[in-house]
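Student: generate coordinates for the sequence data below:
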Amino acid sequence: MVKDLKYLARVMPKYGDAIASDVNRLKGEISLSIIANVAKRTPVDVGTARSNWHVSTAISARVRTAFSPFLSRWRPPYGPGGTLAETRNQAGAVWSASSIVGKATKAGEPLYISNNLPYIQRLNQGWSNQAPAGFVEAGINEGVNQAIKRFTFKDTESVKV
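Tutor: Down below sits the predicted model:
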């Protein structure tokens, strides 16, 4: 019995570290999945709102221009809009978020997801006919569910208990 308890005492710190590592990876996966889903659902005029989904390790007021701006389909001078630019803006938001997620390596370190445009709340309330009210909440739910379904625990499985 003493041998078993000594072994357990030796393994538990390794198992604790493995759990922290897996949880940190899951946090990153969920964050990126949320960004991808919310950005995809964000209504598009010239691409600014879709491009402004951020992940950060501290609360931020950052606002950026569109990754791939294009002329509005909805106001003069009318442009063609375009799915390629819309896809680029979503991909830019995910790419930018992934660089932050990769740096957030401490277990328990928070990640904040935000869009600081002054009109994002109006868009989420159904202001645009391109997206229903509550598209942010729907994107968050979908992102969390997708990330959890895809996630595999690697570090905890490698510790032999």
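Student: how near is the nearest residue to residue 109 once chain neighbours are set aside to residue 145?
Tutor: Among residues not flanking residue 109 along the chain, residue 57 sits closest, at 6.2 Å (C-beta to C-beta, 6 or more residues apart in numbering). (C-beta placed from N, C-alpha, C; glycine too.) According to C-beta to C-beta, to the nearest Å, residue 57 and residue 145 sit 24 Å apart.
Student: residues contacting residue 99?
Tutor: Contacts for residue 99 (C-beta atoms under 8 Å, 6 or more residues apart in numbering) come out as none.
Student: what about it, helix or strand, and which?
Tutor: helix 83-103 (DSSP states H and E).
Student: please identify the buried residues of the next helix-or-strand element following that helix?
Tutor: Heading C-terminal from helix 83-103, the first helix or strand you meet, by DSSP H and E, is strand 112-114. The neighbour-count criterion (16 or more other C-beta atoms under 10 Å) identifies residue 113 as the buried residues of strand 112-114.
Student: ok now strand 112-114, how far from the chain's centre?
Tutor: Computed by C-alpha atoms, centre = their mean, to the nearest Å, the separation of strand 112-114 from the middle of its chain amounts to 8 Å.
Student: list the helices and strands the next helix or strand after that strand packs on?
Tutor: Stepping forward along the backbone from strand 112-114, the first helix or strand reached (DSSP H and E) is helix 120-124. In this structure, helix 120-124 makes packing contacts with helix 135-150, judged by 3 or more C-beta pairs under 8 Å, 6 or more residues apart in numbering; DSSP states H and E.
Student: what's the helix it packs on in contact with?
Tutor: By C-beta under 8 Å, 6+ apart, the list of residues contacting helix 135-150 reads 26, 29-30, 32-43, 120, 123-124, 132.
Student: now the angle between helix 135-150 and the helix with the most length in the chain, please.
Tutor: Secondary structure assigned by DSSP state H gives helix 2-41 as the longest helix of the chain. On the basis of axes from the mean of the first three to the mean of the last three C-alpha atoms, to 10 degrees, helix 2-41 is oriented at 140 degrees to helix 135-150.
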